[in-house]
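# take a look and give me a structure for this.
(one chain, ligands or ions: 1)
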Amino acid sequence: MKIVVCVKQVPDTAAKVVVQNGQVTWGDAPLVLNPWDEYAVEAALQVGGDVTVITMGEQGGNEALKHSLAMGCNNAVLVSDPALASADSQATARVLAAAIQKIGDVDLVFFGKQAIDGDGGVTAAQTARVLGWPILSSAAGIEATDGRLKVDRSMEEGRQQVEAPLPAVVSVTKDVGEPRYPSFMGIRKASRAKIPTWSLADLGIDAPRAVVAWPEVSNPPVREVVCEIITGDSPEEIANTLADKILAEKVI
Ligand SMILES: Cc1cc2nc3c(=O)[nH]c(=O)nc-3n(C[C@H](O)[C@H](O)[C@H](O)COP(=O)(O)OP(=O)(O)OC[C@H]3O[C@@H](n4cnc5c(N)ncnc54)[C@H](O)[C@@H]3O)c2cc1C
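Just a heads-up that it's a prediction; the model follows:
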């Protein structure tokens, strides 16, 4: 089974992301493997086979790939080209599809449910469309045998089983199981790995045109917060005062 996992490098969840001069910034905070993509790597390793992890991003964007290698993936590829600086998700999908085709003879492609920065949740479906392969989304359980893929989908009201022929694209939820910790040996192997970088010329495609623009990004409106410390002679008196205030503010 030849598997590709598409992962994105995102600001650490602990980073403070703000807009400065119309640009999104997270200061010096490190970039990490998108948390949803840890589940995609875990799902791919559970299915087993030859697993290649790819990301499209800036040069130096190797942390996500190294983390995936340390978890147990066999190969990693960085797709990077200055012409991709303002790619939208459709352009991203065209580039990922070209990289998957360059790898060749791929049976199964895994994605996370969404990226925690862009939050579009559409790249998996768009990549499947470019490839012309079926997309099985919100996967909670995956079984790939005899050229067919069976997926249990997580839904609010229960589970749904869907099937499709391989090759196929799957986007996964947390229900596939907790991502494994990188092993000590894995971390050593990943730190020594030479990760190839493919440009658009290597993929044999022109820069895909971004059709979605995001002309304005802004911080959320500042919330006015007034803090009042309630005092009293006893816990009962403090509780009564608090209850009166909550009722007066119509909170309850
Ligand atoms: C402020 C801002 C606003 C944006 N708004 C839009 C917008 O409205 N429309 C739009 O099309 N684009 C938008 N983008 C661009 C978008 O973030 C990128 O195109 C991104 O690569 C894909 O979209 P996403 O982050 O929403 O990923 P999602 O679709 O949420 O990602 C789903 C999965 O796809 C995979 N994946 C995503 N990106 C990559 C990658 N680069 N390499 C490998 N795997 C990947 C991961 O497995 C991920 O879990 C915006 C970017 C910024 C910074």
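# and the contacts of stretch 191-201?
59, 62, 65-66, 69, 76-81, 83-84, 95, 99, 102, 206-207 (C-beta atoms under 8 Å, 6 or more residues apart in numbering). Quick note: C-beta positions are derived from backbone N, CA and C, even for glycine.
# given the strand or helix carrying V10, what are its sheet partners and their directions?
Element membership for V10, per DSSP states H and E: strand 9-11. Looking at strand 9-11 with DSSP bridges, its partner strands are strand 31-33 (antiparallel).
# alpha carbons of the following helix or strand past the partner strand, as PDB, please.
Downstream of strand 31-33, the next assigned helix or strand under DSSP H and E is helix 35-47. C-alpha atoms of helix 35-47 as PDB (Å, rounded to 0.1, in the frame of the first residue of the first chain):
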ATOM      1  CA  PRO A  35      -2.800  19.100  15.400                       C
ATOM      2  CA  TRP A  36      -5.500  17.600  13.200                       C
ATOM      3  CA  ASP A  37      -2.700  16.300  10.900                       C
ATOM      4  CA  GLU A  38      -1.200  14.300  13.800                       C
ATOM      5  CA  TYR A  39      -4.400  12.200  13.500                       C
ATOM      6  CA  ALA A  40      -3.900  11.900   9.800                       C
ATOM      7  CA  VAL A  41      -0.300  10.600  10.300                       C
ATOM      8  CA  GLU A  42      -1.600   8.200  13.000                       C
ATOM      9  CA  ALA A  43      -4.300   6.800  10.700                       C
ATOM     10  CA  ALA A  44      -1.800   6.300   7.800                       C
ATOM     11  CA  LEU A  45       0.600   4.400  10.100                       C
ATOM     12  CA  GLN A  46      -2.300   2.300  11.400                       C
ATOM     13  CA  VAL A  47      -3.200   1.300   7.800                       C
END
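# so which elements touch helix 35-47?
strand 2-6, strand 50-56, helix 63-71, strand 108-112, strand 135-145, strand 168-172 (3 or more C-beta pairs under 8 Å, 6 or more residues apart in numbering; DSSP states H and E).
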